[in-house]
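S.K.: A structural model of the following input is requested.
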Amino acid sequence: MKTYTLHVDADATPGDAGTLDRAVLVKDGFSWGAFVFSFFWFFAHRLWIAGLIVLIAAGALGASLQLLRVGAGAGVSAAFLFAVLLGLEANSLRRWTLARSGRPAVDVVRAGDREEAETKAFARWLGRGRPAFVPRPGAAPREVVARIHEAGGIASLAHPGLLGHDEWLPGFAADGLDALEAYHSKHDDTVTGHYLSVAAGLGLVVTGGSDYHADEAHGPAGPGSVSLPPDAYARLVRLKVETATADRPRSA
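M.R.: Modelled structure (predicted):
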């Protein structure tokens, strides 16, 4: 595993689409690029001051070796040690340059490669409570339920066991929610039983489904892996018939 630092603009604001475009990940540890290419590596990364310092230092080293009439073997050893020093310090100099130019390190991640580091760093930077997080605008549950009812539908909350916020359920029920998806491919018997009890306590019917998406990475391999028991299905049909013929507001 490697360690990377994430550098973004110091004045980055939530919702700024260009923030991550300008973000830079810097790997901690030895830089083979700087070891091999010396000051060219610094210039390639737009580290102008650091590259100039390295260029001057390399020239001074070469001049000193000639002035002191150092032998070829010692000269090669000195050049090698200088390259090793650059490899060790290059990424630190890069972080220093980025911070100096207004892009300080805002996060540290450990990952197997740069692609994984980008995924982790950007997800954390954009996650809830992080500096670049922007809450998604959306309708309140009461409005969502009302629109479903206006269209003649039954409002059911999908896979509450995966949602993991049972404290929200009484409020949803008060807003007109009709059903909970107690039967789901990711609900085991214990979770299913729990939401059957919750639904009964809130006066809701239950629904069920396999959550098949035709995607092996999401849900079961095929449809029909979850069935709604006949009595639960009958109550669901009865609710549909009752609400279709009732002349009353569906949510209060």
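
S.K.: can you pull out the helices in the stretch 101-250 of the chain?
M.R.: With DSSP state H, counting those that start in this stretch, the ranges of helices along the stretch 101-250 of the chain come out as 114-126, 141-150, 160-163, 169-174, 189-202, 230-245.

S.K.: buried ones in the fourth one?
M.R.: Neighbour counts using 16 or more other CB atoms under 10 Å place 169, 172, 173 of helix 169-174 among the buried residues. Any C-beta I mention is one placed from the backbone N, CA and C, and that applies to glycine too.

S.K.: how about the last one?
M.R.: When burial is assessed from 16+ other CB under 10 Å, helix 230-245 yields the following buried residues: 232, 236.

S.K.: residues of stretch 42-51 that come out buried?
M.R.: For stretch 42-51, by 16+ other CB under 10 Å, it's 42, 43, 45, 47, 50, 51.

S.K.: show me where pLDDT drops low in the chain?
M.R.: The model of the chain has pLDDT under 70 over residues 13-18, 127-135, 216-219, 221, 245-252.

S.K.: quick one: furthest residue from the center of it?
M.R.: residue 69 (57.7 Å; CA atoms, centre = their mean).

S.K.: quick revisit: figure out which of the helices of the stretch 101-250 of the chain is closest to residue 102.
M.R.: Across the helices of the stretch 101-250 of the chain, residue 102 has its closest neighbour in helix 114-126 (16.7 Å, CB to CB).

S.K.: let me know how buried residue 149 is, in neighbour terms.
M.R.: 17 (other CB atoms under 10 Å).

S.K.: how near is it to residue 8?
M.R.: The gap separating residue 149 from residue 8 is 45 Å, by CB to CB, to the nearest Å.

S.K.: residue 156 too?
M.R.: Distance, residue 156 to residue 8, by CB to CB: 41 Å.

S.K.: the two: which has the busier surroundings?
M.R.: Counted by other CB under 10 Å, residue 156 and residue 8 do not tie: residue 8 has more neighbours, with 23 against 20.

S.K.: please report how far the more buried one lies from residue 77.
M.R.: 41 Å.

S.K.: then residue 42?
M.R.: From residue 42 over to residue 77 the distance is 23 Å, taken as CB to CB.

S.K.: repeat that for residue 243.
M.R.: From residue 243 over to residue 77 (counting by CB to CB), the distance is 86 Å.

S.K.: and residue 7, by the same measure?
M.R.: Taken as CB to CB, the span from residue 7 to residue 77 is 35 Å.

S.K.: which of these two has more neighbours?
M.R.: residue 7 (24 against 12).

S.K.: now do the contacts for the more buried one.
M.R.: 23, 24, 25, 26, 95, 98, 99, 103, 104, 105, 106 (CB atoms under 8 Å, 6 or more residues apart in numbering).

S.K.: same check on residue 94?
M.R.: Residue 94 sits next to 26, 45, 47, 50 when contact means CB under 8 Å, 6+ apart.

S.K.: taking the residues you listed together, which two end up most distant?
M.R.: Comparing every pair within those by CB to CB identifies 26 and 50 as the most remote, at 12.8 Å.

S.K.: and the nearest residue to residue 103 once chain neighbours are set aside, its phi and psi?
M.R.: Excluding its sequence neighbours, the residue lying closest to residue 103 (CB to CB, 6 or more residues apart in numbering) is residue 7, at 4.3 Å. Main-chain dihedrals, residue 7, degrees, to the nearest 10: phi -120, psi 120.

S.K.: and what of residue 76?
M.R.: phi -60, psi -40.

S.K.: state the phi and psi torsions of residue 139.
M.R.: phi -70, psi 150.

S.K.: now do it against residue 147, distance only.
M.R.: 8 Å.

S.K.: who's more crowded, the two?
M.R.: Neighbour count, other CB under 10 Å: between residue 139 and residue 147, residue 147 has more, with 13 against 10.
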